[in-house]
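In: Sequence and predicted model, in that order:
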There are 2 protein chains.
Amino acid sequence: MENMLYLAPLAGIIALIFAFILTKRIKSMDAGNSRMKEIADAIHQGAMAFLSRQYKTLIVFVLCLIVVFCVVGFVTTGEKSLQPETAIAFAIGAFCSILAGNIGMRVATQANVRTANAAWKSGLNKALGIAFSGGAVMGMSVVGLGLLGLGIVVFIFYGNNSIINGFGLGASSVALFGRVGGGIYTKAADVGADLVGKVEAGIPEDDHRNPAVVADNVGDNVGDVAGMGSDLFESYVGSIIAAIALGASLHIGASGEGMITPLIISAVGIIASIIGTCFVKVKEGGNPQASLNRGTLVASILAIVGAYFVCRLMLPPTFDVTGLTGATITYTSTGVFLATIAGLIVGFFIGKVTEYYTSAAYSPVKQIAKSCETGTATNIISGVATGMGSTAMPIILICIGIIVAYQFAGVYGIALAAVGMLSTTGMVVAVDAYGPISDNAGGIAEMSQLPPEVRKITDQLDSVGNTTAAIGKGFAIGSAGLTALALFTAYTQAVGINIINILDPKVVVGLFIGGMLPFLFSSMTMKAVGRAAGAMIEEVRRQFREIPGILEGKNKPDYARCVDISAKAALHEMVAPSLLAIIVPVAIGLIPFLGKECLAGVLAGTLVTGFLLAIFMANSGGAWDNAKKYIEEGNYGGKGSEAHAAAVNGDTVGDPFKDTSGPSLNILIKLMTIISLVFAPLFL
Amino acid sequence: MENMLYLAPLAGIIALIFAFILTKRIKSMDAGNSRMKEIADAIHQGAMAFLSRQYKTLIVFVLCLIVVFCVVGFVTTGEKSLQPETAIAFAIGAFCSILAGNIGMRVATQANVRTANAAWKSGLNKALGIAFSGGAVMGMSVVGLGLLGLGIVVFIFYGNNSIINGFGLGASSVALFGRVGGGIYTKAADVGADLVGKVEAGIPEDDHRNPAVVADNVGDNVGDVAGMGSDLFESYVGSIIAAIALGASLHIGASGEGMITPLIISAVGIIASIIGTCFVKVKEGGNPQASLNRGTLVASILAIVGAYFVCRLMLPPTFDVTGLTGATITYTSTGVFLATIAGLIVGFFIGKVTEYYTSAAYSPVKQIAKSCETGTATNIISGVATGMGSTAMPIILICIGIIVAYQFAGVYGIALAAVGMLSTTGMVVAVDAYGPISDNAGGIAEMSQLPPEVRKITDQLDSVGNTTAAIGKGFAIGSAGLTALALFTAYTQAVGINIINILDPKVVVGLFIGGMLPFLFSSMTMKAVGRAAGAMIEEVRRQFREIPGILEGKNKPDYARCVDISAKAALHEMVAPSLLAIIVPVAIGLIPFLGKECLAGVLAGTLVTGFLLAIFMANSGGAWDNAKKYIEEGNYGGKGSEAHAAAVNGDTVGDPFKDTSGPSLNILIKLMTIISLVFAPLFL
């Protein structure tokens, strides 16, 4: 059975080769005229500058944690100890995620200008092809490096799961920087650019005279490419790690089948995603959305078919598992397959529900747009009410998924549902990262003053990108929830708890504290955006004041300084919320009076309210954004009307909701569980 | 021991006699000139009209439930049955709460005009005295009828707790109408009056030419007097019922001491509250806040001293209780006392934390006011962030309370902590209801065009009222949380669950669904306010259009029609959210696949997120309100500035947050647990 372990890294390598081929193809395309190149170069440089600044902080952070692992590892002995080798797995996990983000960002910031140029010179299909290829490089890097890195770590430390868990923590740490730091960065730049540029100076969006315009475009890449990528990288490897841990502790299969199966399902998912990407093509005048949907559908069907054969071939037809109550339950390989696809199907529908609540094609967004007629306050109330109401369906879907998965394969089934949901991550990230590339292409077309018909094509690509971004966010939250639940179960196995009794006051206290953390965390990240945006506003005002002739276009603003300020503020502001996420679980686990049961309560509480708040904030934000766009299309008075002014306010409120606080909660719920899992031996 | 049972109704009767004396005194005061009387009469008539309309719906609702109890009671037999007599307790509970609300509203709407007149003729002290006496009538009616009614029910059905629980459900049903219906009413009227009157017609707040002005003033009484009163009535009797149920099921004391002690603690609390009210006096030029604080402090100290003697005299010095794990634990009467005052102290500090986050004297509100300088969007973000962050301290306080109470007296201690927190309810409601009476007095002074120095005094009283309202809201949420936790424990005892295991997928699913319900419920109530306000806006516009000369003051608007429309819309709009709160627990308990364990998970999930959302929404709303007032005092540009416009938007968003959705969540968490407790026999 162990020789099957080669398949996972192999699939990872295939994904990376595919990414390499796509990259070559993108680079061979023409990057347009010198003005376009210059702007694209500024965005590219800015994005890479943010990444390298992030790396500097991240390396310090990683080194600190490695020291912690080594020190704790060497001073603790016996059962209640950490193994120092965890540091190695941790470092590899962090490195793989960093590398995936770096490759994805590098290529995305080269694909954007080529998309703009293709829209200019060749038309819709070519432009879509380049934008999607850019996204696919990110997608393939995520799953390729995820499975390659994790596969190698599993191979080296086979059977020693507490070390393997370190890989997940490495991925989580990078995701923390990507999502929280990146989320603060992107909104600080966005709000700063809008408030001073659009509102105070009265120049249009994406105007080259705005000093923060490059930072704003960099932010799209930082948040939506690198941030989303690191988030899904974390979910991807986290779900597999949870399944490996549960496969081991439940002794599924005589020779580790329970541990190896999730890796093989993921490997098959990579091949399915690669084939899926080949179906994304559109004719001139065709619908880009339909072609993206086609690709996703092909990938999903292939992943389902593949999972069926993997389960039937890898697992014995029936096998016994010792359940939570101590009783032995018999599961079947078909049951495991059904649990796996339950996750995949739930993920698909959560995406659809998200689309319903955030797309202007359906009534929720239209109603929010209508409420703008009576002013900002009614728009805000309407958006909040819609976002809160939008939590119901995803919760019911996740609950159905949990029940089905558990019914067919117990807690192992829940972990495999997460693996199943994430098996087509390559395709999901590709579709998602396509959005900001198109968005950037539009920005570059605007800043380079290309003919209006070019902007028309990029706008068409971009509007599809908004929908795919919303679906991607729903998927990211859904997968984070299911992954965290699987990791949570693995944690309870690791600390040897069979019962987490809500009637135990420690658990109740844990539930309350855990439930509160997402609120506190969101409060901190929202305030952080406010402060970081404040720094940006000061800088843009200063440039308008001190550099003469910017507004007349006679002098170039200092783009780099804005990029730098945003980056510095983001990395500074992410410290406090990050420490909260890292220290609380470890502290509660170590305090003797509270301990592992209280920590279990904390994790459950955080999972529930974090999941709910994340959906609420992401969907409110998405709905406000599209309500504004719906009004801009000419409804309820169109641009410049009072309804539009109200909608702009709603959109600004929604920015930190949907791009900072909401997505950061995905990280909070996963990071807290993986930290608890890694440090579990200390809480015994 | 049973002869001590007389003490509870006796204390209730004393409270009612005290309320009667206060009422006589208020009625003997002069109600001012004919213009004042006319306006006050309109408010009084409107408030009573709303109540009687509410009663009509309520009676249908109560009759339906009585039929349900009788039918279910007669068709079920054996252990798994409801006793038809539950209907009697239910009806008495509903009747007592209705009567308390009726008396309170009746007197409050007579005290308001007399407060205005006293401010005109006699000055601050006299005005404060009348306003506070009006509040005290409400407070004494709540605790008096609560303890009298519950005392009688306990006396009749002594030892038959599943019947006694019905009293709590009666109280909860009225609270549902009071808080949810009342909350929708008050904000529909407020938003309608403001949007058309202030914004469209440009007339000042509380102007007599606004057709919705009476409805708005009625709304203050409906929401803040009757709504708050029924909410605390529910908590008050709910906490005692939970303690009685746990005292019985844990067999505390040989002759029912565990059941009788909470009633006696509450009886002593009534006497403490009556004495406390006598300390509320202020000299001319003195500080009304200080005198209210003094009264509260006296009541609290007396309640603590009283509770000490009750515990020592009623309970054996040490007694054994069988804990959750089946092991026998020994508690002491001193321990029970400490648990009781833990609740009282936690309640006090939750109020203080609420004050910190919502009063303009502290930095959170000042920062929100500052954020208005950059516009509405930053104001909203800042308020949401503050509200979310403000959940941390109350959660930590409640957790400390739970741990202390449990440490000293197990789950019984948690119920007694709730009883302790609520023992001074008489005083708390008095202080709280004082607010809307002062607010109304100011409105009447304005509408009757009294001299500006009168408005100065009423403004002084009103600004104190804003602080006490915020503290009262914090107290209401805190007590709702603790009461629901105690009822939840009683539910688990009633269905015979010793373990609610989060690792059981039914429980996890329950946690997710329960956690989602407060989001869905808030979404529904917010949308309800929007629709009801829309109906009001239409009506006000219609009157301005169709009744000639309103704006010139030549013709009187049709106040009664606005009152009627608000009432009709509120009662119509509360149906859907109410059904959600009632049907979900019963349905989940009865569905065989889910059942009582899943329901326990649902209740825990609703308790956690409901408590958090309620604090978040109440504090955000309160902070926005006071940030606006802070700007109106001349900060950041004062009235008419852009910052002020942004603050007004924030205040409008905060209205349904703090006065509808937030407080309604108190009802949701309590109603769901008490329904589960009453129907528990069916889930066995």
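Out: Thanks, I have it. Given the structure is predicted, the values throughout are model-derived calculations rather than measurements. Numbers count the residues shown, from 1 in each chain, chains lettered A, B, ... in the order given.
In: three-state assignment of the spatially closest residue to A:Phe611 that is not a sequence neighbour?
Out: Using Cβ to Cβ, 6 or more residues apart in numbering or on different chains and skipping the chain neighbours, the partner closest in space to A:Phe611 is A:Gly481 (4.4 Å). The way it works is simple: take the backbone N, C-alpha and C, and place the C-beta from them, glycine included. On the three-state scheme (DSSP: H, G, I helix; E, B strand; the rest coil), A:Gly481 is labelled helix.
In: can you count the residues close to A:Gly481?
Out: 31 (other Cβ atoms under 10 Å in any protein chain shown).
In: Can you tell me the closest non-neighbouring residue to the residue in the stretch 1-150 of chain A positioned nearest to chain B?
Out: Closest contact between the stretch 1-150 of chain A and chain B, by Cβ to the nearest Cβ, is at A:Glu79 (21.8 Å). Excluding the flanking residues, the one nearest A:Glu79 by Cβ to Cβ, 6+ apart is A:Leu684, at 6.1 Å.
In: how close does A:Ser423 sit to chain B?
Out: 22 Å (Cβ to the nearest Cβ, to the nearest Å).
In: next one: A:Ile547
Out: In this view, A:Ile547 and chain B are 23 Å apart by Cβ to the nearest Cβ.
In: Tell me who's in contact with that residue.
Out: Neighbouring residues of A:Ile547 by Cβ atoms under 8 Å, 6 or more residues apart in numbering or on different chains: A:555, A:557-558.
In: please redo it, this time with the cut-off set to 6 Å
Out: Contacts for A:Ile547 (Cβ atoms under 6 Å, 6 or more residues apart in numbering or on different chains) come out as A:Asn555.
In: got it, and A:Ala242?
Out: Per Cβ under 6 Å, 6+ apart, neighbours of A:Ala242: A:415, A:486-487, A:490.
In: Quick one: list the elements packing against the helix or strand hosting A:Val71.
Out: Using DSSP states H and E, A:Val71 sits in helix A:34-75. If you count contacts as 3 or more Cβ pairs under 6 Å, 6 or more residues apart in numbering or on different chains; DSSP states H and E, helix A:34-75 packs onto helix A:86-121, helix A:213-220, helix A:425-447, helix A:559-573.
In: Which residue would be the closest one in the stretch 501-650 of chain A to chain B?
Out: Nearest residue of the stretch 501-650 of chain A to chain B, counting by Cβ to the nearest Cβ: A:Ser523, 3.4 Å away.
In: excluding its backbone neighbours, what's nearest that residue?
Out: Nearest one to A:Ser523, counting by Cβ to Cβ, 6+ apart, is B:Gly389 at 3.4 Å.
In: What's the per-residue pLDDT of the one you found here?
Out: pLDDT recorded at B:Gly389 is 97.
In: Any idea how many residues pack against it?
Out: 23.
In: you'd agree it is up against A:Met524?
Out: No - applying Cβ atoms under 6 Å as the test, B:Gly389 and A:Met524 come out as separate, 7.2 Å apart.
In: Now the nearest residue to A:Gly192 once chain neighbours are set aside: which helix or strand?
Out: Nearest non-adjacent residue to A:Gly192, counting by Cβ to Cβ, 6+ apart: A:Met536, 2.9 Å away. Per DSSP H and E, A:Met536 falls inside helix A:505-546.
In: What average pLDDT does that helix get?
Out: Mean predicted confidence for helix A:505-546 is 93.
In: That one packs against which elements?
Out: Using 3+ Cβ pairs under 6 Å, 6+ apart, the elements in contact with helix A:505-546 are helix A:182-192, helix A:559-573, helix A:575-590, helix A:595-632, helix A:662-678, helix B:376-389, helix B:392-422, helix B:595-632.
In: wait, does the third one contact chain B?
Out: No - in this structure, helix A:575-590 remains apart from chain B according to Cβ under 6 Å from any Cβ of the partner chain; the gap is never smaller than 10.2 Å.
In: Need the residues that contact that helix.
Out: A:176, A:521, A:524-525, A:594, A:596, A:598-599, A:602, A:668, A:671-672, A:675-676, A:679, A:683.
In: now swap in the shortest one and tell me
Out: Residues from elsewhere that reach helix A:182-192, judged by Cβ under 6 Å, 6+ apart: A:212, A:215-216, A:219, A:222-223, A:226-227, A:528-529, A:532-533, A:536-537, A:540, A:566, A:569-570, A:573-574, A:655-656, A:659-660, A:663-664.
In: That helix to helix A:86-121, inter-axis angle?
Out: 40 degrees (axes from the mean of the first three to the mean of the last three Cα atoms, to 10 degrees).
In: Restrict helix A:182-192 to CA atoms and write it as PDB.
Out: Listed next in PDB are the C-alpha coordinates belonging to helix A:182-192 (Å, rounded to 0.1, in the frame of the first residue of the first chain):
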ATOM      1  CA  GLY A 182      -3.300  41.000   2.400                       C
ATOM      2  CA  GLY A 183      -6.900  41.900   3.400                       C
ATOM      3  CA  ILE A 184      -5.800  44.900   5.300                       C
ATOM      4  CA  TYR A 185      -3.500  46.000   2.400                       C
ATOM      5  CA  THR A 186      -6.000  45.700  -0.300                       C
ATOM      6  CA  LYS A 187      -8.700  47.700   1.500                       C
ATOM      7  CA  ALA A 188      -6.400  50.300   2.900                       C
ATOM      8  CA  ALA A 189      -5.300  51.000  -0.700                       C
ATOM      9  CA  ASP A 190      -8.800  50.900  -2.100                       C
ATOM     10  CA  VAL A 191     -10.400  53.200   0.500                       C
ATOM     11  CA  GLY A 192      -7.400  55.500   0.400                       C
END
